[in-house]
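**Student:** Got a sequence here, can you build the structure:
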Amino acid sequence: MTIVCVDNTPIMLQSLKENAQTAYPNADVKTFPSEAPALEYAEKFGCDVLLCEINPPRLEGLFLAEKMKKINPRLNIIFVTVCSESEHAKAVMRLKPSGYLTKEATGAQIREELLNLRYPLS
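**Tutor:** Numbers count the residues shown, from 1 in each chain. Here you go, the predicted model:
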């Protein structure tokens with residue numbers, strides 16, 4: 001399983017990586033501070049799970065998720081945000097994500113989302 005984490009805040013990106021690795025130790029976890037290298041990686045190597053901030057600078061996370069779903073229509077998306085759930089609920093649900101977490105998510109919470117992916121991985 002390849003998990004791509006995208007967040008423009010270095011400390012949050014490191015936290016996402018550590019928690020994803022704790023949640024799924026056998027996963028190949030890649031981190032990117034912006035959308036361009038994440039898209040480039042996904043185009044070259046593929047991606048099974050996207051852990052993405054909803055509002056990174058220069059490209060909304062929702063648009064990033066849409067672009068990555070074009071690369072892999074069975075992409076599992078888990079949005080990570082500091083916003084309350086109601087602020088983005090309609091837009092997020094339109095993409096049919098596999099999960100929705102706040103940035104304070106623990107490894108256990110990420111693991112729970114990974115165990116309940118919309119498109120299960122072997």
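**Student:** helix, strand or coil for residue 120?
**Tutor:** With DSSP: H, G, I helix; E, B strand; the rest coil as the basis, residue 120 sits in coil.
**Student:** And for the nearest residue in space to residue 71 that is not next to it in sequence, the neighbour number?
**Tutor:** Leaving aside its chain neighbours, residue 71 sits nearest to residue 42 (4.9 Å; criterion: C-beta to C-beta, 6 or more residues apart in numbering). All C-beta spots, glycine's among them, are computed from the backbone N, C-alpha and C. Other residues within reach of residue 42, judged by other C-beta atoms under 10 Å, total 22.
**Student:** and the gap between residue 42 and residue 113?
**Tutor:** The gap separating residue 42 from residue 113 is 19 Å, by C-beta to C-beta, to the nearest Å.
**Student:** Could you point out the helix or strand that follows the lowest-mean-pLDDT helix or strand in the chain?
**Tutor:** Across the helices and strands of the chain, mean confidence by mean pLDDT, DSSP states H and E is lowest for helix 85-94: a mean of 62. Of the helices and strands lying after helix 85-94 in sequence (DSSP states H and E), the nearest is strand 99-102.
**Student:** Alright, I will stop here.
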